[in-house]
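# here's my sequence, what's the structure:
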Amino acid sequence: MNKKNIILITLSFRLFAYTDSPTNTYIMLPQYSNFHKTDTVCLNDNNACTQCNFSDKEFYDDWIITGDVSCSNFINAKFIYGKLAYTTFRCANLRFAQFNYAFANNAIFEDAKLEKASFLEAELTESIFDKADCTQAEFDRCHARHASFVNTELKGASLKNGNFSLSNFSGANLFMINALNATFDQANLTGCNISYSNLDLTKVKFANLSGADLSHSNFGQAEIMATDMSNTNLTHTYFKGAQLINVDFRGATILGTDFEDANLTGSKFDPGALEKARICNTLMPEEEISFKDCTKEKNLIARLKRGKTRELSARPDAPTKEEPAKTSTSTTGEHPGTPAPASTQQASNSFTLGGGSSPTDQLQEQAISQFQSRALSGT
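Residues are numbered from 1 along each chain as shown. From the prediction side, this is the model:
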């Protein structure tokens with residue numbers, strides 16, 4: 001290797017060169033250089049540091065790396081608050097690396113190894129992670145708008161409270177992710193495996209999830225609006241309390257899907273698709289509340305019926321097997337003991353039971369009215 005290609009960076013002085021150009025490689029020295037050890041950076045003929053070894057190095061907020069560091073070794077490196085915009089980490093080994101609070105907009109992580117890497121609150125707008133291995137990586141509270149995760153391995157990753165609006169996850173593996181309270185507005189998640197995942201409280205508006213596998217995942221209290229979820233696998237998917245407004249579910253596999261307390265206003269389903277779903281206190285697409293599978297409410301109504309039946313049978317004037325019911329005395333001038341006309345008996349029963357409906361029917365109507373009021377009030 002030529003001497004001109006070996007740059008000995010001695011941290012006893014400050015380097016004032018600075019650039020935003022994505023074509024060259026610069027490793028800027030920290031402001032307090034005397035606290036750092038001497039480092040050596042090898043540049044190739046293209047002024048790029050490829051296949052360099054930076055494992056366990058610490059590049060904190062006063063370091064700036066921009067350019068091409070493809071295929072380099074950054075295992076367990078720390079880029080806390082680092083300035084990494086436009087940096088190319090293509091095929092680099094970044095396992096266990098920490099990019100917490102880093103500014104990495106437009107950075108390229110394509111084909112990189114990022115197992116258990118951390119991007120806590122990092123700026124990742126328009127960054128590229130295509131085909132990268134991000135198994136169990138952490139993207140909590142990161143800002144990754146317009147980012148690309150095409151065919152990315154994100155198994156077991158944490159995306160809690162992250163913003164992934166307008167990002168492309170097409171073909172990505174999101175198996176068992178934790179995306180609590182994450183935002184995926186206008187995101188492309190077509191064909192993704194998002195099964196067995198936690199997506200409680202997520203915000204998904206105008207997004208595309210067609211063909212995705214969402215089986216056994218939780219969308220509790222999620223807000224999913226005007227989104228394409230056609231041809232998805234919703235087997236045992238949990239949507240309790242979710243707002244599912246104007247969602248296209250046509251062609252979806254709905255088996256054991258839980259829509260309890262959900263709002264399905266304006267959503268589209270195949271005919272009969274909801275027969276195998278759990279519907280309880282659910283606002284249906286036609287804006288009618290359904291209690292089809294409300295076991296608790298049905299049991300309550302049954303108990304009310306049994307209780308009222310026992311109350312009626314315990315009345316002193318209730319007819320028994322030993323004592324048949326007394327016949328009405330005519331009030332029309334007929335002989336005593338002559339049964340009253342049928343019209344008179346019917347009028348008497350109507351008065352006793354309240355307008356021609358039985359007490360149990362009234363209780364059932366009252367219970368359903370209470371459940372509907374609870375559903376509309378959100379309690």
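
# now do the same contact list for Ile177.
154-159, 194, 197-198 (Cβ atoms under 8 Å, 6 or more residues apart in numbering). C-beta coordinates here come from the backbone N, C-alpha and C atoms, glycine included.

# going by distance to Thr183, which of these wins?
Thr183 has its nearest neighbour among the contacts of Ile177 in Leu159, at 9.7 Å by Cβ to Cβ.

# tell me how many other residues surround that closest one.
29 (other Cβ atoms under 10 Å).

# what of Ser230?
Neighbours of Ser230 using other Cβ under 10 Å come to 18.

# and it, what are its phi and psi?
phi -70, psi 150 (degrees, to the nearest 10).

# could you redo the contacts of Ile177 as TSV and give each row pLDDT and secondary structure?
Shown next, in TSV, are these (pLDDT from 0 to 100; DSSP: H, G, I helix; E, B strand; the rest coil):
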residue	pLDDT	secondary structure
Leu154	98	coil
Lys155	98	coil
Gly156	98	coil
Ala157	98	coil
Ser158	98	strand
Leu159	98	coil
Ile194	98	coil
Ser197	98	coil
Asn198	98	strand
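
# including distance to Ile289, could those residues go into a markdown table?
Formatted as a markdown table, the contacts of Ile177 follow (distance: Cβ to Cβ, whole Å):
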| residue | distance to Ile289 |
| --- | --- |
| Leu154 | 38 |
| Lys155 | 39 |
| Gly156 | 38 |
| Ala157 | 38 |
| Ser158 | 36 |
| Leu159 | 33 |
| Ile194 | 29 |
| Ser197 | 29 |
| Asn198 | 28 |
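
# name the nearest residue to Thr253, ignoring sequence neighbours.
Excluding the flanking residues, the one nearest Thr253 by Cβ to Cβ, 6 or more residues apart in numbering is Asn233, at 4.9 Å.

# what about the strands in this structure?
6-9, 26-27, 39-42, 65-66, 203-205, 223-225, 243-245, 282-283, 289-290 (DSSP state E).

# just give me the closest of the contacts of Ile177 to Glu260.
Asn198 (17.6 Å).

# show me what contacts that closest one?
Counting by Cβ under 8 Å, 6+ apart, Asn198 has contacts 177-180, 217-218.

# for the residues you listed, could you give me JSON lines that also reports distance to Ala226 and pLDDT?
Shown next, in JSON lines, are those (distance: Cβ to Cβ, whole Å; pLDDT from 0 to 100):
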{"residue": "Ile177", "distance to Ala226": "23", "pLDDT": "98"}
{"residue": "Asn178", "distance to Ala226": "25", "pLDDT": "99"}
{"residue": "Ala179", "distance to Ala226": "19", "pLDDT": "98"}
{"residue": "Leu180", "distance to Ala226": "22", "pLDDT": "98"}
{"residue": "Ser217", "distance to Ala226": "20", "pLDDT": "98"}
{"residue": "Asn218", "distance to Ala226": "21", "pLDDT": "98"}
